[in-house]
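Participant: missing the sequence, but the structure's below:
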């Protein structure tokens, strides 16, 4: 009898910050430990920017014996990454592994557990008189006298008020161009 082995991929956006990427790896590790009776295979993945990317994690699940892969976004809402990017990237990865199937779950969304977690964060601050060790002396604490640093270039706004790191540019005629789809000549298409 054929038994379908399930692999779980927990995917976030990916970051240039090592600590953010390491946090997802820890989430995947802890999820794997907590639900080891249900899932033998749990892998972290980032949608972009950092390894392991979704295709890498998918391949690792297959190498570990998965014939079915469930990709679960570590995202709050159903934005374009959930509706388009993650399913497309996952489908492309699955195409390299005939005999496997995949499914992308809903994002975290609105759930009583999310509400409980939000309250847990608020209560932690309140119980530490809004000055816990991780925030004391930082801009996050709201303390007076903390200098507000200039925004780094990747968050600086352009003359039209748009974030400088955004790949989309609104032209004077209202059309939108995407710099990621530039031709070799550097012209937006």
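Facilitator: It's in. None of these values were measured; they are calculated from a predicted model.

Participant: make it CA atoms for all contacts and neighbour counts henceforth
Facilitator: OK.

Participant: Apart from its chain neighbours, what residue comes closest to residue 66?
Facilitator: Excluding its sequence neighbours, the residue lying closest to residue 66 (Cα to Cα, 6 or more residues apart in numbering) is residue 5, at 4.7 Å.

Participant: Next one: the one you found, what pLDDT does it get?
Facilitator: Here the pLDDT value assigned to residue 5 is 91.

Participant: Would you agree it is in contact with residue 65?
Facilitator: Yes. Residue 5 is in contact with residue 65 according to Cα atoms under 8 Å; the separation is 6.4 Å.

Participant: Now stretch 124-142: buried residues?
Facilitator: With burial defined by 16 or more other Cα atoms under 10 Å, the residues of stretch 124-142 counted as buried are 130, 131, 141.

Participant: What's the local residue count around residue 34?
Facilitator: Burial of residue 34, expressed as a neighbour count using other Cα atoms under 10 Å, amounts to 11.

Participant: quick one: it and residue 40, what's the gap?
Facilitator: Counting by Cα to Cα, to the nearest Å, the gap between residue 34 and residue 40 amounts to 11 Å.

Participant: got it, and residue 47?
Facilitator: Distance of residue 47 to residue 40, given as Cα to Cα: 22 Å.
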